[in-house]
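A.B. asks: sequence? don't have it. structure:
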């Protein structure tokens, strides 16, 4: 089980915040009354000027000598899209496991509120799975099973172009309905920040509200933990490109790494802010409960 029952019960009381996009349903799935044909007949009301005459009920007019319009009830749902990065780098230090726990939490919130859920795999050479769930609470166990089945790709041994295709290209070329789009990845991809802003603006124009969730390992997020390894010479291999580099850990290397990581995260954050989107960075050293109910709190409404 990806999440404890106690966490699931807390998630059932949460909905995604609605104050960012007027096209998102205010409280999950909502009932909308409208004239004409739709899901379920609700009743009649008297005709008023401006009503579409095609919705007049002529049988009612024949009986009552008054014009009446049929009203129907339909369910309007928001769609929540979750893109999961399953590239080789996500297999390090349980990053993918944490990503799956976050995706599972999103699935509970989405389906509990009768919205539609779509989960997709971003990795290269993997069919861009479009796992769709719209059965409400009853679909939560199925969504958990499908999310739990995601696995990280094997590391690349020979030097090459890398395991991940451009994340941004794969996302913007997907057919998405209006709603939220969560992108869960370590974003350790050279071309991501170059294409990030364009991707976000395209998603916003398509009535998406993108939320970027960066998942790093504890060591990636806090390299000071590697202080005990100072002085060691390591043969580093990029798990996605196969590129090799020999590095001797010392204070200067660790400090440069911290600066580079912070600059990288700040660039992602600025692009997201300019586009009016969210960016949240978490790591495997944090408790799942803290991530779900504190770090991600600003995207929820209780």
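C.D. replies: Perfect, I can see it now. Since the model is a prediction, treat every value here as computed from it, not as a measurement. Numbers count the residues shown, from 1 in each chain.

A.B. asks: point out where the stretch 1-150 of the chain drops to low pLDDT.
C.D. replies: Of all residues in the stretch 1-150 of the chain, those with pLDDT under 70 make up the ranges 18-42, 72-77, 124-130.

A.B. asks: all strands of it, in order?
C.D. replies: For the stretch 1-150 of the chain, the strands defined by DSSP state E, counting those that start in this stretch occupy 15-16, 30-35, 40-46, 68-76, 79-84, 116-121, 131-133.

A.B. asks: could you say what helices and strands the first one packs with?
C.D. replies: Applying 3 or more CB pairs under 8 Å, 6 or more residues apart in numbering; DSSP states H and E, one finds that strand 15-16 contacts helix 95-112, strand 300-301. For every residue, glycine as well, the C-beta is placed using N, CA and C.

A.B. asks: among these, which is nearest residue 55?
C.D. replies: Among these, the nearest to residue 55 by CB to CB is helix 95-112 (33.0 Å).

A.B. asks: same for the closest one, what does it pack against?
C.D. replies: Counting by 3+ CB pairs under 8 Å, 6+ apart, the elements that helix 95-112 packs against turn out to be helix 5-11, strand 15-16, strand 79-84, strand 116-121, strand 131-133, helix 140-148, strand 179-185, strand 208-216.

A.B. asks: redo these as CSV? Include distance to residue 284 and mean neighbour count.
C.D. replies: CSV is the format used below for these (distance: least, CB to CB, whole Å; neighbours: other CB atoms under 10 Å):
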stretch, distance to residue 284, mean neighbour count
helix 5-11, 17, 14
strand 15-16, 24, 20
strand 79-84, 16, 24
strand 116-121, 20, 22
strand 131-133, 24, 18
helix 140-148, 17, 17
strand 179-185, 13, 25
strand 208-216, 7, 24
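
A.B. asks: who wins for proximity to residue 92 among these?
C.D. replies: Residue 92 sits nearest to strand 208-216 of all these, at 9.4 Å, using CB to CB.

A.B. asks: out of the helices and strands packed on strand 15-16, deepest packed?
C.D. replies: Highest mean neighbour count among the helices and strands packed on strand 15-16 (mean count of other CB atoms under 10 Å): helix 95-112, with a mean of 24.

A.B. asks: the stretch 201-302 of the chain: helices as residue ranges?
C.D. replies: For the stretch 201-302 of the chain, the helices defined by DSSP state H, counting those that start in this stretch cover 218-221, 251-274, 288-290.

A.B. asks: tell me which of those helices sits nearest to residue 180.
C.D. replies: Closest among those, once you apply CB to CB, is helix 251-274, at 14.1 Å.

A.B. asks: now the closest one against strand 208-216, angle please.
C.D. replies: Orientation check (axes from the mean of the first three to the mean of the last three CA atoms, to 10 degrees): helix 251-274 against strand 208-216 gives 170 degrees.

A.B. asks: average pLDDT for helix 251-274?
C.D. replies: Confidence over helix 251-274 (mean pLDDT, whole number) is 88.

A.B. asks: and stretch 281-300, by the same measure?
C.D. replies: On average, stretch 281-300 scores 92.

A.B. asks: that stretch: which residues count as buried?
C.D. replies: 281-284, 288, 291-293, 296, 299 (16 or more other CB atoms under 10 Å).

A.B. asks: how about stretch 257-275?
C.D. replies: For stretch 257-275, burial by neighbour count (16+ other CB under 10 Å) applies to 261, 265, 268-269, 271-272, 275.

A.B. asks: got it, and stretch 184-195?
C.D. replies: For stretch 184-195, the neighbour count (16+ other CB under 10 Å) marks 184-189, 192-193, 195 as buried.

A.B. asks: from those residues, pick the one nearest residue 177.
C.D. replies: Taking the buried residues of stretch 184-195 together and measuring to residue 177 by CB to CB, the closest member is residue 184, at 19.1 Å.

A.B. asks: quick one: contacts for residue 179?
C.D. replies: By CB atoms under 8 Å, 6 or more residues apart in numbering, the residues touching residue 179 are 24, 78-81, 115-116, 207-209.

A.B. asks: dump those into JSON lines; add distance to residue 152 as well.
C.D. replies: Rendered in JSON lines, the data for these read as follows (distance: CB to CB, whole Å):
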{"residue": "24", "distance to residue 152": "32"}
{"residue": "78", "distance to residue 152": "30"}
{"residue": "79", "distance to residue 152": "27"}
{"residue": "80", "distance to residue 152": "23"}
{"residue": "81", "distance to residue 152": "21"}
{"residue": "115", "distance to residue 152": "28"}
{"residue": "116", "distance to residue 152": "27"}
{"residue": "207", "distance to residue 152": "32"}
{"residue": "208", "distance to residue 152": "26"}
{"residue": "209", "distance to residue 152": "27"}
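
A.B. asks: before I go, just wanted to say thanks for your time.
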